[in-house]
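Colleague: Fold the following.
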Amino acid sequence: MSTNPNPYETERLLGEYLLFHYGSAEDILPASAPDGMREALDFAVRTTRHFSPGSVESTLDLGCAVGRSTYELSRSSALTVGIDFSQNFIRAAAAMIDAPLSYQRLDEGHQRTQLIAKLPDGLPANEVSFETGDAMDLRADLGSFDRVHAANLLCRLTEPDRLLERLPALVRPGGELVIATPCTWLGEYTPPENWPQGSTLDWLRERLGGAFELISVADEPFLIRETARKFQWTASMVTAWKRLSA
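Modeller: Residues are numbered from 1 along each chain as shown. The predicted model follows:
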């Protein structure tokens, strides 16, 4: 288990991520928002659409945060497991199965607005479960899955190679892997010696190429609202892979 403190346990970040995953356009955007901001909404939904059409038996959502992508993946998976390192995020994700969740949106200074996060109608579509876990040190008996989804996780790990080494065992032969990463390598999360030496895409090809075939590469923008006047707009690189036969 990583010994680094988890920065994702504050109530402020919980509110930001509940808004990011479940907030409506009206909850998130100012009236003056340009079209590019609107197109960056629903990131946790859009990344799940990079899998092939059709249904599967099981899906793993790594770095699931507050769970919207996990619930979306349940539309086409009989069993979906969401794992995140943040206990606060996992508690919130699991609680939403039973009832909507009240949270606060920071507007500015001491000003906050009370909002409600709730699942879209019909979700979860099939069985969903959540657990805390370290993506670099997943439990040995986790098993393998038809699909593995990991969005905006890789460049927040201290040793991302440890996850990449585990992925062939997590994805069944013929199964699919979707990795989304903004490639924002920062020393506060990942020591520079553990960053890719070249591009992140070339590094993924090198590390995964022996066990996976790269199917597609695309960009998906996302938007995180910090305050009424401050937003993070970022483009995440989404790669889709197919597990080769053992």
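Colleague: ok, which stretches of this protein are strands?
Modeller: For the chain, strands defined by DSSP state E occupy the ranges 56-62, 77-84, 101-108, 111-117, 127-132, 145-151, 171-181, 212-227, 230-243.
Colleague: Present the ones you listed as CSV; the columns should include mean neighbour count, mean pLDDT and distance to residue 16.
Modeller: C-beta here means a position set from N, CA and C on the backbone, and glycine is covered the same way. As requested, the strands of the chain are exported to CSV (neighbours: other CB atoms under 10 Å; pLDDT from 0 to 100; distance: least, CB to CB, whole Å):
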stretch, mean neighbour count, mean pLDDT, distance to residue 16
strand 56-62, 23, 98, 19
strand 77-84, 24, 98, 15
strand 101-108, 16, 97, 8
strand 111-117, 14, 98, 12
strand 127-132, 17, 98, 19
strand 145-151, 25, 98, 16
strand 171-181, 21, 98, 18
strand 212-227, 16, 98, 6
strand 230-243, 17, 98, 9
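Colleague: can you put those strands in CSV and add distance to residue 34?
Modeller: Converted to CSV, those look like this (distance: least, CB to CB, whole Å):
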stretch, distance to residue 34
strand 56-62, 31
strand 77-84, 31
strand 101-108, 20
strand 111-117, 22
strand 127-132, 35
strand 145-151, 24
strand 171-181, 23
strand 212-227, 11
strand 230-243, 10
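Colleague: center of the chain, which residue is that?
Modeller: When CA atoms, centre = their mean is applied to the chain, the residue found nearest the centroid is residue 151 (3.4 Å).
Colleague: what about that residue, distance to residue 192?
Modeller: Computed with CB to CB, to the nearest Å, the distance linking residue 151 and residue 192 is 23 Å.
Colleague: picking that back up, quickly note the distance from the residue nearest to the centre of the chain to residue 68.
Modeller: For residue 151, the distance to residue 68 (CB to CB) stands at 10 Å.
Colleague: Surely residue 117 and residue 24 touch.
Modeller: No: using CB atoms under 8 Å as the test, residue 117 is too far from residue 24 to be in contact (10.4 Å).
Colleague: who touches the residue nearest to the centre of the chain in this structure?
Modeller: 43-44, 47, 63, 69, 178-180, 236 (CB atoms under 8 Å, 6 or more residues apart in numbering).
Colleague: one more time with 7 Å
Modeller: The contact partners of residue 151, by CB atoms under 7 Å, 6 or more residues apart in numbering, come to 47, 63, 69, 180.
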